[in-house]
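Chemist: what shape does this take:
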Amino acid sequence: MDHRHSPASDEFPAGRGTLPLKDVGRLLLRCADRPGLVAAVSQFLASRGANIVSLDQHSTQQSGGTFMQRTIFHLPGLTAARDALERDFAAQVAAEFGMDFRLTEAAKPKRVAIMASREDHCVLDLLWRNRRGELDMSVAMVIANHADLADDVRAFGVPFIHIPAQRDTRDEAEQRQLELLRGNVDLVVLARYMQILTPGFLAEVGCPMINIHHSFLPAFVGAAPYRRAKERGVKLVGATAHYVTQDLDEGPIIEQDVVRVDHRHSVTDLTRLGADVERAVLSRAVLWHCEDRVIRFGNQTIVF
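Modeler: Numbering: from 1, shown residues only. Next up is the predicted model:
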């Protein structure tokens, strides 16, 4: 797949890269498009002594659409100035233009919880990439509804919490999960967590959630998708990472990829190749979210 600009860090590579993250801010915004938006943001930042490092923008239409922008800037003493900067931007710029915006510090990694079941390829890949510095995040915990992965996860120095969750114990399990997650993490990643989360859980978790699944859906939904795909003679195996909404597997897509297969590939081959592409797609989606590259627009995402 051709990744247009390959968002894997044009300004500060994953793993903190070659440039320091101290005093670097990220400003994401969305509003109705109109003339003067870029100038207003730039003038505000310049008036506060900030230097713009990079600026990406997109309008959904030439006129009358929705405007979205991601600005990276350097401001000495950002941590101390952040609250006042956010308050002043809200009053002096966002209010005038009707902007939804988010201001973050690049030097403060997102707190992430990972939820898993028995399959290890996605959760262990995320932990490995994080340990290598490829994913700039702080993994607070791994929650699993089976205990199979406990030793593998703890080898990374990450707390492993086993909360059995089946259909008849779902309410109790979700309450225990919410007690751990609410207010403690900035993102939850479903790394092949094989349970359907209830609308109540999604309403109360208090942070975005990213899910990964194979791209056979909905053609091969249910058990043994790779066997069924082999029987149909599929020519592509893919994966999709998306934000979780109350509509099962229909949330805004962050990233997708595919690999080509043919008649020579067995069900085992398809499963292995599918796991490979799932790992890559999920890690990119998590990276881009943690680097504040993603702006949601309806049921779509804009990834800068």
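Chemist: okay but residue 191 is in contact with residue 126, surely?
Modeler: Yes: applying CB atoms under 8 Å as the test, residue 191 and residue 126 come out as touching, 6.2 Å apart. For every residue, glycine as well, the C-beta is placed using N, CA and C.
Chemist: got any residues that touch both of those two?
Modeler: Shared contacts of residue 191 and residue 126, defined by CB atoms under 8 Å, 6 or more residues apart in numbering, are found at 114, 282.
Chemist: and residue 237, which of the three is it?
Modeler: strand (DSSP: H, G, I helix; E, B strand; the rest coil).
Chemist: give me the neighbour count for it.
Modeler: Residue 237: 27 surrounding residues under other CB atoms under 10 Å.
Chemist: then the one 3 residues further on?
Modeler: Counted with other CB under 10 Å, the burial measure for residue 240 works out to 24 neighbours.
Chemist: any idea which element it lies in?
Modeler: In this structure, residue 240 is located in strand 236-243 according to DSSP states H and E.
Chemist: kindly report the same for residue 161.
Modeler: Per DSSP H and E: strand 160-162 holds residue 161.
Chemist: hang on, the earlier thing: what is the strand holding residue 240 packed up against?
Modeler: strand 209-214, strand 253-260, helix 267-290 (3 or more CB pairs under 8 Å, 6 or more residues apart in numbering; DSSP states H and E).
Chemist: how about the helices in this protein?
Modeler: Ranges of helices in the chain, per DSSP state H, are 37-47, 78-89, 95-97, 121-132, 150-154, 170-181, 199-204, 225-232, 267-290.
Chemist: out of these, the one nearest residue 107 is which?
Modeler: Nearest to residue 107, of all the helices of the chain, is helix 78-89, at 7.9 Å by CB to CB.
Chemist: on that earlier part again, which one of the helices of the chain has the lowest average pLDDT?
Modeler: Here those differ in mean pLDDT, and the lowest is helix 225-232 at a mean of 89.
Chemist: want to throw the helices and strands packed on strand 236-243 into a markdown table with mean neighbour count?
Modeler: Output for those, formatted as a markdown table (neighbours: other CB atoms under 10 Å):
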| stretch | mean neighbour count |
| --- | --- |
| strand 209-214 | 22 |
| strand 253-260 | 18 |
| helix 267-290 | 21 |
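Chemist: which one of those lies closest to residue 131?
Modeler: With CB to CB as the criterion, residue 131 lies closest to helix 267-290 of these, at 12.7 Å.
Chemist: and the angle for that closest one with strand 236-243?
Modeler: Here the directions of helix 267-290 and strand 236-243 differ by 30 degrees (axes from the mean of the first three to the mean of the last three CA atoms, to 10 degrees).
Chemist: ok so, going back, closest to residue 138 out of the helices and strands packed on strand 236-243?
Modeler: Each of the helices and strands packed on strand 236-243 has some distance to residue 138 by CB to CB; the shortest is helix 267-290, at 9.7 Å.
Chemist: so what does the closest one touch, helix or strand wise?
Modeler: For helix 267-290, the elements it packs on are strand 110-116, helix 121-132, strand 187-190, strand 209-214, helix 225-232, strand 236-243, strand 253-260, judged by 3+ CB pairs under 8 Å, 6+ apart.
Chemist: alright, that wraps it up for me.
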